[in-house]
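1. Sequence below, structure please.
(one chain, ligands or ions: 1)
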Amino acid sequence: MNTAKDFEGEAARFLEAWTRSIVERDVEAARALRTADYRCILPDGRVITATEDLAMIVASQIDIRQLRTELGSAYANGGSASIRFVLSIGLEDRGRDALNGDMKLERQGGVLRASALALTNTYNDTRPAVGGRIKRLLHRLTRRRRAARPPGFQEMAYRPYQSGLDYRLPRSQPRELVYEEVDLPLPPPELWLGYNYPRHGRLHVDTMWQVLESGGFMIKPGDRILDLGCGAGRMIRHLAPLARTCEIWGADISSEHILWCQRHLTPTFHFLTNTKTPHLPFADASFRLIYCGSLFTHIDDMARAWLLELRRLLADDGCAYITIHDEDTIQQFDAMEAPPTVAAHIMRTPSWAQSKDDSDMFTIGRDENSQVFYARDWFARLLEPMFEIVAIRPGAYFYQTAILVRPRCPQGATATPRAGQSGGAA
Ligand SMILES: C[S@@+](CC[C@H](N)C(=O)[O-])C[C@H]1O[C@@H](n2cnc3c(N)ncnc32)[C@H](O)[C@@H]1O
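-> Sure, this is the predicted structure:
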């Protein structure tokens, strides 16, 4: 494949041909654009083959003349390539309805072919009318072909890479150990998690160091550091110089992000995919610093259990740096005249208006893409049995507040003295 930049035009032409073949119900053209083992994951998790996909194009009752696609990003690296696009369809009564498409491409005999497509919801489709129409139509069209597949252990436990599909990692050369962030590659935009990946990572890491310093905490040679919920390494990469003397780990439930990190940021850092179960496969007191940038913004019921796990993993003289949405975030959102996309999405939901002024915590959405807000004193109560708050910095990570905590020793002591006790706080 050619370079990422050259690839964009070719990807746009591919997507145009792919869309035209569907709109014109041109099954032969559509077949030629798919590999024989092509798989498509529908928004409800069912997987269909190329034959089933082509049959759907023919049988479709959707007015596919209204189908449009818009290329978001295109990325080629060595023998593999991927594109991300928005697929939308005009509805008589409600404007357009949209889904996200993530497509893997292969070059076969000089021709690009799609080997896998995953269709997922757009942000907007928490509004009942939007996104639902295409999903319902796809469901109706495919239900006779394959019984619904309930999520397996993998999907429930973490985010498997190319779920439901066989996959391979092309053979690669081991990378050199580098200690400069500039020598580390950037991930493809589809792994940026909605951030401007290259732009703010350093700022967020610098702010973290300032808060740690204000709490009297210094990293020492030989320390272990964990970035929990590391994504594609937006923050961890800025720790590269520390890798000379420290062992630095990143963990995330998204295998796709972890696979990219393992193949591009190791051996400077080490990575693992973890499950949503609040347990990580490290020994007690393994780390002196654990940081979680915008992780607890997606964790609701399991927050206490994860905090207990962080306490177990931290050395007694260690600390944890956690960012949350809190009342300061709410105030900032309310004051915005033109909120950015995610904030605008949050503020449009009924839960926002119902919950923002008078809640210990509230969630918008209920999976790992949810947005969770904590009243700061409620989060402090969650922390209390295991941690002591050392510093609080509003606005440390975009609109999020950072909370720096250190373990209470011995673990499990509570801050509130009980009758007959001299006091629990260390
Ligand atoms: C908003 S992103 C932040 C990514 C990264 N910390 C950064 O600052 O760029 C949240 C990340 O947390 C991950 N995540 C969500 N729940 C998790 C869990 N229970 N354990 C580990 N990672 C989790 C998501 O997959 C995602 O990569």
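
2. Count the residues that sit near the residue lying closest to Asp360 once chain neighbours are set aside.
-> Nearest residue to Asp360, sequence neighbours excluded (CB to CB, 6 or more residues apart in numbering): Trp378, at 3.8 Å. Every C-beta, even on glycine, is put in place using the N, C-alpha and C of the backbone. Number of residues near Trp378 (other CB atoms under 10 Å) recorded here: 15.

3. ok, now Leu42?
-> Counted by other CB under 10 Å, the residues lying close to Leu42 total 24.

4. what secondary structure does the residue nearest in space to the middle of the chain sit in?
-> What sits nearest the mean C-alpha location of the chain, by CA atoms, centre = their mean, is Leu193, with 5.3 Å. Classification of Leu193 by DSSP: H, G, I helix; E, B strand; the rest coil places it in coil.

5. Show the pLDDT at it.
-> Confidence at Leu193, expressed as pLDDT, is 91.

6. For it, which residues are in contact?
-> Applying CB atoms under 8 Å, 6 or more residues apart in numbering to Leu193 gives the contacts 231-232, 234, 257.

7. what does Thr69 give?
-> Thr69 touches 15-16, 18-19, 85-88, 101, counting by CB under 8 Å, 6+ apart.

8. Glu327 contacts Ala375, correct?
-> Yes - counting by CB atoms under 8 Å, Ala375 is a contact partner of Glu327 at 6.1 Å.

9. At which residues are the strands of the stretch 301-426 of the chain located?
-> 314-324, 361-364, 371-374, 387-397, 400-407 (DSSP state E, counting those that start in this stretch).

10. nearest to the ligand, of those strands?
-> For the ligand, the closest of these is strand 387-397, at 7.1 Å, according to CB to the nearest ligand atom.

11. Residues contacting the closest one, please?
-> Contacting residues not belonging to strand 387-397 are listed as 204, 207-208, 210-211, 214-217, 293-294, 307, 311, 319-320, 323, 326, 328, 332, 376, 380, 383, 401-408, 415, 425-426 [CB under 8 Å, 6+ apart].

12. List the residues that contact the nearest residue to Thr268 once chain neighbours are set aside.
-> Of all residues beyond its chain neighbours, the one nearest Thr268 is Ala243 (4.8 Å), with distances taken as CB to CB, 6+ apart. By CB under 8 Å, 6+ apart, the contact set of Ala243 is 177, 179, 268-269.

13. Counting neighbours, which of these comes out on top?
-> Result: Thr268 is most packed of the contacts of Ala243 (other CB under 10 Å), 25 neighbours.

14. Isn't it up against Glu181?
-> No - with contact defined as CB under 8 Å, Thr268 does not count as touching Glu181 (9.3 Å).

15. can you count the residues close to His264?
-> 18.

16. Quick one: residues contacting it.
-> So, once contact is read as CB under 8 Å, 6+ apart, His264 ends up touching 175, 184-185, 187.

17. interface residues of the stretch 301-426 of the chain facing the ligand?
-> By the rule CB under 6 Å from any ligand atom, the part of the stretch 301-426 of the chain lying against the ligand is Glu368.

18. what about the stretch 301-426 of the chain, any weak spots by pLDDT?
-> By pLDDT under 70, the weakly predicted segments of the stretch 301-426 of the chain are 411-426.

19. what number of residues lie near the residue of it at minimum distance from the ligand?
-> Distance from the ligand to each residue of the stretch 301-426 of the chain (CB to the nearest ligand atom) is smallest for Glu368, at 4.4 Å. Applying other CB under 10 Å, we find 15 residues neighbouring Glu368.

20. show me the contacts for Lys104.
-> Counted by CB under 8 Å, 6+ apart, Lys104 has contacts 80-82, 114-117, 162.

21. now do Pro174
-> Pro174 makes contact with Pro267, according to CB under 8 Å, 6+ apart.

22. Could you measure from it over to Arg263?
-> 10 Å (CB to CB, to the nearest Å).

23. so where does the closest residue to Asp166 other than its chain neighbours fall, helix or strand?
-> Excluding its sequence neighbours, the residue lying closest to Asp166 (CB to CB, 6+ apart) is Asp37, at 7.8 Å. Element membership for Asp37, per DSSP states H and E: strand 34-41.
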